[in-house]
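Trainee: need coordinates for the below:
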Amino acid sequence: MSVLVITGTGTEVGKTVTTAAVAAAAVAAGRSVAVLKPAQTGVLPGERGDADEVARLAGAVTAVELARYPEPLAPATAARRAGLAPVRPDEVAEAAGKLAAEHDLVLVEGAGGLLVRFDDEGGTLADAARLLDAPVLVVVSAGLGTLNTTELTARELRRRGLELTGLVVGSWPDSPDLAARCNLADLPAVSGVPLLGALPAGVGTCPISDFRAHAGRWLAPALGGSWNAAAFTAAHAP
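Mentor: Okay, the predicted model is just below:
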């Protein structure tokens, strides 16, 4: 793949740190990487955005942000309230296409979940993925409630004819509860796709050298790592 779209089942599920891990694994393999953040919300001019955070953690990646809105809201709402132009799916696809011409891998990180609106016409990350004909990686939470949001996201991707490449648990707790441990088996069952990784909680704050050295251990071979879903699931079986 040359373009991978990364979305989540909601906010604060670990999309940015997962994007950084995928980028770090690719960089370690000698690939040139770009990360594209179509719409950054809740960040003021001069502050670090998600694309900047990916670059900080992953290393030598090209970080691109198409639009920035100060309030922490859905992009369409944040753009409207700020009196700024929204980002539209065709603009996202065009920017990703240009980056793909110059890089081995382009990671497009969405805002919130799959259907969060970019503009008042209803354009979403899913529309950009369709224009790009790109696979979609879904970052999910570990605990109670994740099965419903994961299955809904998977169903919507299939309804739109988009390829769901797999799931990554964006923050695996140090002491997983019963729901989290059961979800390791249930998440692939409800989504119809494999788990492709699990990032330990808090890795975004670990030393950068450690993050880059260990990123591949948290991701399956399909994402450039060595993580084994069967072994991880068995180790945490309830």
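
Trainee: are there helices or strands packed against the helix or strand hosting residue 53, and which ones?
Mentor: Per DSSP states H and E, residue 53 falls inside helix 50-58. Under the contact criterion of 3 or more CB pairs under 8 Å, 6 or more residues apart in numbering; DSSP states H and E, helix 50-58 touches helix 15-28, strand 33-41, strand 61-69, strand 105-113, helix 208-214. For the C-beta atoms, the positions are set from N, CA and C on the backbone; glycine is no exception.

Trainee: quick check, residue 188 in a helix?
Mentor: Yes. Secondary structure of residue 188 (DSSP: H, G, I helix; E, B strand; the rest coil): part of a helix.

Trainee: distance check, it against residue 142.
Mentor: Residue 188 is 14 Å from residue 142, where distance means CB to CB, to the nearest Å.

Trainee: more neighbours: these two, which one.
Mentor: Legend: neighbour count by other CB atoms under 10 Å for residue 188 and residue 142, higher for residue 142 (23 against 17).

Trainee: let me know the secondary structure of that one.
Mentor: Reduced to three states with three-state DSSP, the structure at residue 142 is coil.

Trainee: okay, now the nearest residue to it once chain neighbours are set aside: neighbour count?
Mentor: Of all residues not flanking residue 142 in the chain, residue 180 sits nearest, at 4.2 Å (CB to CB, 6 or more residues apart in numbering). Applying other CB under 10 Å, we find 20 other residues in the vicinity of residue 180.

Trainee: quick one: residues contacting residue 180.
Mentor: Contacts for residue 180 were tallied using CB atoms under 8 Å, 6 or more residues apart in numbering; they are 142, 143, 172, 173, 236.

Trainee: please convert the buried members of these into ChimeraX selection syntax.
Mentor: To isolate in ChimeraX the members of those that are buried, counting by 16 or more other CB atoms under 10 Å, one can use:
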select :142,143,172,236
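
Trainee: from the contacts of residue 180, which two are the most distant?
Mentor: Maximum pairwise distance in these, criterion CB to CB, is 12.7 Å, between 143 and 236.

Trainee: thanks again, I'm all set now.
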